[in-house]
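Visitor: sequence first, then the predicted structure:
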Amino acid sequence: DAGVTQSPTHLIKTRGQHVTLRCSPISGHKSVSWYQQVLGQGPQFIFQYYEKEERGRGNFPDRFSARQFPNYSSELNVNALLLGDSALYLCASSLYFGRTRNTIYFGEGSWLTVV
Amino acid sequence: KNEVEQSPQNLTAQEGEFITINCSYSVGISALHWLQQHPGGGIVSLFMLSSGKKKHGRLIATINIQEKHSSLHITASHPRDSAVYICAVITGTASKLTFGTGTRLQVTL
C-alpha cells in the first residue's frame, strides 16, 4: 500500500507567483491536514479537511487556501508568494477525525523555495 | 511561550548511551505523539500516547497527564537514531497537531 504521497517534492517560485501543492492520502483515509515547517522550527498547522469539508484552519493569511476532492486527495494553494513562505509543506492523513486513537501518517513533504 | 516545549534542543551522544528527550505542554490534550524527522524532511510517527507508557524496540515513551509531561527514551543509542525528534499534542476534538520545536539528536561512534 502506498503511503501519503505529495507532489512536487521540490519547487522554486518567484515572489508574487502562485503555487499548488498536492497530497494523496493513504487509501481509505478521509482526513487530510496540511502543515508548514520553516527551517529550524516545528511544523505549524495550516488546514484540516475531513470528508471534503474544512474542519480546522490555523493562523495563516487568506493567501493560503485548500480543498479536498471526492477521492480525498487534497490541494494546498498559496497566492502572492512571499519570501517567508519558503518552507517544507507537509501533508498528513488519518482514518478518522476527532478520535483520540487516530494514527497520523505523514508524507515526505514539498520543499518550496521563494526567490 | 509555546504550548509545547521540548528539551534539550540539541543533544549529542555516543553510541550505546541512554538518551532522554523531554516534552512539556501547557494545554489539555487528548493524545501526544512522538515523531521522528530525518534530514530529508519526512516524518515518521513513533508513538501515540494518551496515558502510561509504550515500548517499541529500543524506544520507550511515557506520559504523565497530571504533570503535563512526556519523555522519550532511547536505550543503547545508535548512529542511525540521529534525527530530529518532535513532540506533538492533539487538543480538543479536532485532530490537528500542535508541535514542539524538536530535539536534534546526533549519535556518534
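Guide: Arrived safely. Numbering: from 1, shown residues only, chains lettered A, B, ... in the order given.
Visitor: sketch out the low-pLDDT regions of chain A for me.
Guide: A:1, A:98-101 (pLDDT under 70).
Visitor: spatially central, which residue of it would that be?
Guide: A:Trp34 (2.9 Å; Cα atoms, centre = their mean).
Visitor: quickly find the element holding the residue nearest to that residue when sequence neighbours are not counted.
Guide: The shortest distance from A:Trp34 to any non-neighbouring residue, by Cβ to Cβ, 6 or more residues apart in numbering or on different chains, is to A:Ile46 (4.3 Å). Glycine gets a C-beta too; all of them are placed from N, C-alpha and C. Per DSSP states H and E: A:Ile46 is located in strand A:44-50.
Visitor: output the contacting helices and strands for that strand.
Guide: strand A:31-37, strand A:53-57, strand A:64-68, strand A:74-78, strand B:97-99 (3 or more Cβ pairs under 8 Å, 6 or more residues apart in numbering or on different chains; DSSP states H and E).
Visitor: what's it in contact with?
Guide: Applying Cβ atoms under 8 Å, 6 or more residues apart in numbering or on different chains, the external contacts of strand A:44-50 come out as A:30-38, A:54-60, A:64, A:66-68, A:74, A:76, A:89, A:97, B:94-99.
Visitor: one step back: so what's the residue nearest to the centre of chain A bridging to?
Guide: A:Phe47, A:Cys91 (DSSP bridges).
Visitor: circling back: ok, the residue nearest to A:Trp34 to A:Asn77 distance?
Guide: 11 Å (Cβ to Cβ, to the nearest Å).
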